[in-house]
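Engineer: any chance you can model this:
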Amino acid sequence: MNEEKTRESLASRLGFIFLSAGCAIGLGNVWRFPFITGKYGGAAFVLLYIICLIMFVMPVMVMEFAVGRASQLSSTRSFKALRPEHGIWSIWGYIGWLGNLILMMYYTVVTGWLLAYMYNAAIGSFDNISAHAAGEFFAALLSSPTSLILWMALAVIIGSAICFSSLRSGVESITKIMMTCLLVIMIVLAVRALTLPGSQKGLEFYLKPDFDKMFKYGFGETLYSAMGQAFFTLSVGIGSMAIFGSYISRERSLTGESLIVTSLDTFVALTAGLIIFPTCFAYGIEPDAGPGLLFVTLPETFSNMPLGRLWCALFFLFMSFAALSTVVAVFENLIAGLMDMFKWPRQKACFFVMLLVFILSVPCALGFNLWANVKIGSAGILDIEDFIVSNNLLPFGAIIYLLFCTTRYGWGWDAFVKEADEGEGIKFPAFLRLYFKYVVPVIMLIIFALGYYEVFSK
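Structural biologist: Numbers count the residues shown, from 1 in each chain. I've put the predicted structure just below:
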């Protein structure tokens with residue numbers, strides 16, 4: 001009871017929504033979602049993706065929020081608090097904490113890339129740059145261990161500094177500012193992209209329903225892509241969302257809050273495509289997926305545009321806010337986990353997390369240069385770390401939360417639904433108990449297996 005009395009809390013509902021959305025919104029929204037949308041049928045794929053979000057993924061987010069709010073603890077203690085007689089559930093709480101740590105081991109490095117690009121765009125390094133020169137710039141950045149470590153360190157310091165003071169004045173206040181700026185910048189960039197001559201071709205490629213594309217690769221592959229993107233975009237499974245549930249009151253039902261967070265995440269993903277595809281098509285540049293799109297194609301594209309330095313700097317500022325919002329949210333989860341486990345004050349836990357993440361992120365930074373030969377098959381250090389989180393911990397963790405909330409061996413269905421429905425707003429569809437207990441876990445296991453097949457069949 002003492003833990004609950006001294007528990008920090010968020011000052012506002014908006015803070016909770018922005019923090020949760022900030023954790024979900026990340027690089028996958030920008031360089032993966034637009035590409036697979038164009039590849040698998042535009043608006044037809046978006047519809048399939050939204051169905052997957054609502055039917056399979058968002059309910060798990062509700063469960064994470066409910067576990068956090070009911071326990072008033074982070075994932076390292078929440079399972080034990082709700083089901084003390086079955087300690088085996090607690091194991092996942094610690095694994096989830098480690099999953100967040102592994103995520104930061106490579107995410108801070110990529111965030112450092114974005115900070116470097118934002119700075120160089122602002123000082124004019126990309127003015128009138130060619131695709132070849134842009135590629136050389138990116139290669140030079142990756143080949144410099146000093147540059148990568150310094151930019152990664154800056155990302156770590158920013159994330160730690162925001163979390164250092166307190167939940168409300170640090171994490172919540174700064175995240176509100178970052179997310180507001182992110183949304184404003186996105187809308188400005190989207191309006192600019194859509195008003196470029198020739199942008200309609202990009203818009204058509206992106207959003208025109210094309211069922212031939214949907215079936216070109218087989219409906220099964222398209223469905224798997226939609227399902228996989230839906231699971232990974234919301235970051236459910238490793239307790240990243242549960243921590244924010246522990247900080248909120250019971251004034252609002254969790255299903256309604258989850259719907260808002262999911263909608264905001266989807267809006268950012270869709271709007272990113274409205275920026276990227278019209279811009280690329282307006283200048284006759286074929287968009288591709290992955291880092292090449294952000295760090296080679298887009299700098300060249302913006303350089304051809306009137307006031308290109310401004311638009312390029314704004315784009316990478318938006319990308320930096322998207323990445324840093326995730327860094328801050330995950331740092332908060334790591335810090336709260338240590339505070340719950342060891343009863344450390346926030347400042348001590350924050351300093352420890354800062355040092356730990358910095359040290360453990362160095363191998364990923366070196367994986368592009370001095371340690372480039374450290375591989376498993378063709379996968380480098382970043383790919384290995386991402387595989388552990390994206391293909392293993394996130395989908396498996398989602399299954400854990402689902403079983404914990406739906407079976408009598410865990411927290412139990414009735415207790416979960418009671419917590420989820422507490423407060424005003426949309427109620428959880430309790431009549432679908434059998435669907436969530438038997439159907440969704442099987443589908444998640446299939447996604448888990450297909451993820452392995454996709455990696456090892458190549």
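
Engineer: which residue, other than its chain neighbours, is closest to Ala116?
Structural biologist: Closest residue to Ala116 apart from its sequence neighbours, by C-beta to C-beta, 6 or more residues apart in numbering: Trp151 at 4.8 Å. No exception for glycine: its C-beta is placed from N, CA and C like everyone else's.

Engineer: quick one: the one you found from Arg7, how far?
Structural biologist: 35 Å (C-beta to C-beta, to the nearest Å).

Engineer: neighbour-wise, which of these two wins?
Structural biologist: Trp151 (24 against 15; other C-beta atoms under 10 Å).

Engineer: state whether the more buried one and Trp113 are indeed in contact, as I suppose.
Structural biologist: Yes: with contact defined as C-beta atoms under 8 Å, Trp151 counts as touching Trp113 (6.9 Å).

Engineer: pretty sure Ala372 sits against Gly380.
Structural biologist: Yes: in this structure, Ala372 is within contact of Gly380 by C-beta under 8 Å, at 6.9 Å.

Engineer: pick out whichever of those two has more residues nearby.
Structural biologist: Gly380 (18 against 13).

Engineer: got a list of what the more buried one touches?
Structural biologist: Contacts for Gly380 (C-beta atoms under 8 Å, 6 or more residues apart in numbering) come out as 367-368, 372, 374.

Engineer: now do the phi/psi pair for it.
Structural biologist: Phi and psi for Gly380, reported as degrees, to the nearest 10, are phi -80, psi -170.

Engineer: again, but for Gly367
Structural biologist: phi -70, psi -10.

Engineer: any weak-confidence spans in this protein?
Structural biologist: Within the chain, the ranges that satisfy pLDDT under 70 run 1-6, 288-290, 455, 458.

Engineer: one more time with 50
Structural biologist: By pLDDT under 50, the low-scoring segments of the chain are 1-5.

Engineer: what about the strands in it?
Structural biologist: Counting by DSSP state E, one finds no strands in the chain.

Engineer: tell me the contacts of Asp436?
Structural biologist: Slight slip there: residue 436 is Phe, not Asp. Contacts of Phe436 (C-beta under 8 Å, 6+ apart): 59, 402, 406.

Engineer: burial of Lys375, as a residue count?
Structural biologist: For Lys375, using other C-beta under 10 Å, the count is 13.

Engineer: repeat that for Asp210.
Structural biologist: Asp210, neighbours per other C-beta under 10 Å, totals 18.

Engineer: roughly how far does it sit from Thr266?
Structural biologist: 20 Å.

Engineer: likewise for Phe448?
Structural biologist: From Phe448 to Thr266 the distance is 23 Å (C-beta to C-beta).

Engineer: then Asp386?
Structural biologist: 22 Å.

Engineer: kindly report the same for Thr222.
Structural biologist: Distance from Thr222 to Thr266, by C-beta to C-beta: 18 Å.

Engineer: pretty sure Val328 contacts Val171?
Structural biologist: Yes: between Val328 and Val171 there is a contact under C-beta under 8 Å: 6.2 Å.

Engineer: which residues are common contacts for the two?
Structural biologist: Counting by C-beta under 8 Å, 6+ apart, the residues touching both Val328 and Val171 are 162-163.

Engineer: of the two, who's got more company?
Structural biologist: More crowded of Val328 and Val171, by other C-beta under 10 Å: Val171, with 29 against 25.

Engineer: contacts only, for that one.
Structural biologist: Taking C-beta under 8 Å, 6+ apart, one finds 19, 162-163, 328, 332 in contact with Val171.

Engineer: so which of those is the most crowded?
Structural biologist: Glu332 (30 neighbours).

Engineer: pretty sure that one sits against Ser166.
Structural biologist: No: counting by C-beta under 8 Å, Glu332 does not reach Ser166; the two are 11.0 Å apart.

Engineer: residue contacts, Leu194?
Structural biologist: 203, 274, 278.

Engineer: contact partners for the last one?
Structural biologist: Going by C-beta under 8 Å, 6+ apart, Pro278 touches 193-194, 196, 199-200, 202-203, 206.

Engineer: again, 6 Å this time
Structural biologist: 193-194, 199, 202-203 (C-beta atoms under 6 Å, 6 or more residues apart in numbering).

Engineer: with the first one instead?
Structural biologist: When contacts are counted by C-beta under 6 Å, 6+ apart, Leu203 touches Pro278.

Engineer: what do you get if the cut-off is 7 Å, keeping everything else the same?
Structural biologist: Going by C-beta atoms under 7 Å, 6 or more residues apart in numbering, Leu203 touches 194, 277-278.

Engineer: which of these sits closest to Tyr106?
Structural biologist: Distance to Tyr106, by C-beta to C-beta, is smallest for Phe277 among these, at 26.9 Å.

Engineer: neighbours of the closest one, how many?
Structural biologist: 25.

Engineer: with adjacent residues omitted, what lies nearest to it?
Structural biologist: Per C-beta to C-beta, 6+ apart, closest to Phe277 is Gly202, 3.7 Å.

Engineer: how near is the one you found to Ala44?
Structural biologist: 17 Å.

Engineer: now Leu393
Structural biologist: 31 Å.

Engineer: go on, Phe436?
Structural biologist: 27 Å.

Engineer: next one: Ile388
Structural biologist: 33 Å.

Engineer: go on, Asn369?
Structural biologist: Counting by C-beta to C-beta - Asn369 and Ala44 are separated by 42 Å.

Engineer: next one: Pro34
Structural biologist: Counting by C-beta to C-beta - Pro34 and Ala44 are separated by 15 Å.

Engineer: now do the helices in the stretch 101-250 of the chain.
Structural biologist: In order along the chain, the stretch 101-250 of the chain carries the following helices (DSSP state H, counting those that start in this stretch): 131-143, 145-164, 173-194, 199-207, 211-216, 219-233, 242-245.

Engineer: Gly93: which of the ones you listed is closest?
Structural biologist: With C-beta to C-beta as the yardstick, what comes closest out of the helices of the stretch 101-250 of the chain is helix 242-245 (9.0 Å).

Engineer: list the neighbours of the closest one that are in contact with it.
Structural biologist: The contact list for helix 242-245 (C-beta under 7 Å, 6+ apart) reads 16, 19-20, 64-69, 74-75, 78, 332-333, 336.

Engineer: Thr146 - how many residues pack around it?
Structural biologist: 9.

Engineer: no wait, Met241
Structural biologist: 29.

Engineer: ok, it - contacts?
Structural biologist: Contact analysis of Met241 by C-beta under 7 Å, 6+ apart lists 20, 23, 61, 64-65, 235.

Engineer: quick check, nearest of the residues you listed to Gly256?
Structural biologist: Closest to Gly256, out of all of these and judged by C-beta to C-beta, is Phe65, at 10.8 Å.

Engineer: contact partners for the closest one?
Structural biologist: Listed by C-beta under 7 Å, 6+ apart, the contact set of Phe65 reads 241-242, 245, 254, 257-258.
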